[in-house]
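Enquirer: Quick one, fold the following:
(one chain, ligands or ions: 2)
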Amino acid sequence: MRPATEALIVIDVQNDFCPGGALAVPEGDAIVPGINTLMGDFAAVILTQDWHPADHLSFASQHPGKAPMEMTEMPYGPQVLWPDHCIQGSTGAAFHTALDSDRADMVIRKGFRRGIDSYSAFFENDRTTPTGLEGYLRSRGIETLTLVGLATDFCVNYSAVDAARLGFAVTVRQELCRAIDFGGSLAAAQEGMAAAGVSLA
Ligand code: VGL
Ligand code: ZN
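Expert: Ligands and ions are numbered 1, 2, ... in the order given. Next up, the predicted model:
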């Protein structure tokens, strides 16, 4: 068992990001058994859950004439437009049934405000609105984080970079992550994480 100063953060292992889901990540479900095993090493396990209203502005369906994976401009900057996914209360938003979600001490939901997306577990996409996770970790005395989950190039990437920026020691276990990987997003994410001081295992 690792010390109480370490936490495992499991990013968005939800049905919509697994094969058959609305925004399926190739092999997204393949990481579930390994994550369940890794949970056994940690005294603190936190799950994140992408949790959008049905009319969320990150959905292409809310932008007439736009298709999924096209870009738009939001007040906080450029935003990828996604297929409708992880709608609050839907089966797609539920954790993969094989994920041992009972092991979680804490579930943090993100992306619940219509007008702003939230890839990171720490800050929404304006990079300033906090989710509250930082305060939770600090009040538990946690200093070191291991990140796994979906998708490597979006939510894992943004969470890891923010965590490093906040001063946590961060490792991303890449074999327990899977990527969407379009337009070179995975390579860019790996470079960005390394530059931020994230250790890529
Ligand atoms: C994610 C795109 C949109 C993710 C969430 O979990 O990586 N990607 N919403
Ligand atoms: Zn989302």
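
Enquirer: which bits of this protein sit near ligand 1?
Expert: D12, F17, D50, W82, Y119, L150, A151, F154, C155 (CB under 6 Å from any ligand atom). For glycine as for every other residue, the C-beta is placed from the backbone atoms N, C-alpha and C.

Enquirer: so who does the fourth one touch?
Expert: This means W82. L23, S58, F59, A60, P68, M69 (CB atoms under 8 Å, 6 or more residues apart in numbering).

Enquirer: The second one contacts P78, correct?
Expert: Right, S58. No - using CB atoms under 8 Å, S58 is not in contact with P78, being 11.7 Å away.

Enquirer: Between the two, tell me which one has more neighbours.
Expert: Neighbours were counted for S58 and for P78 using other CB atoms under 10 Å; S58 has more, 26 against 9.

Enquirer: ok, now how distant is the more buried one from G21?
Expert: With distances taken as CB to CB, to the nearest Å, S58 is found 16 Å from G21.

Enquirer: Could you tell me how far S120 is located from A44?
Expert: 19 Å.

Enquirer: When these two are compared, which one has more neighbours?
Expert: S120 (26 against 21).

Enquirer: Secondary structure class of the spatially closest residue to the more buried one that is not a sequence neighbour, three-state.
Expert: Excluding the flanking residues, the one nearest S120 by CB to CB, 6 or more residues apart in numbering is Y158, at 3.8 Å. Classification of Y158 using DSSP: H, G, I helix; E, B strand; the rest coil returns helix.

Enquirer: do the same with V148
Expert: strand.

Enquirer: any idea whether the residue nearest to the spatial centre of the chain is helix, strand or coil?
Expert: Centroid-nearest residue in the chain: C155, 3.3 Å away (criterion: CA atoms, centre = their mean). On the three-state scheme (three-state DSSP), C155 is labelled helix.
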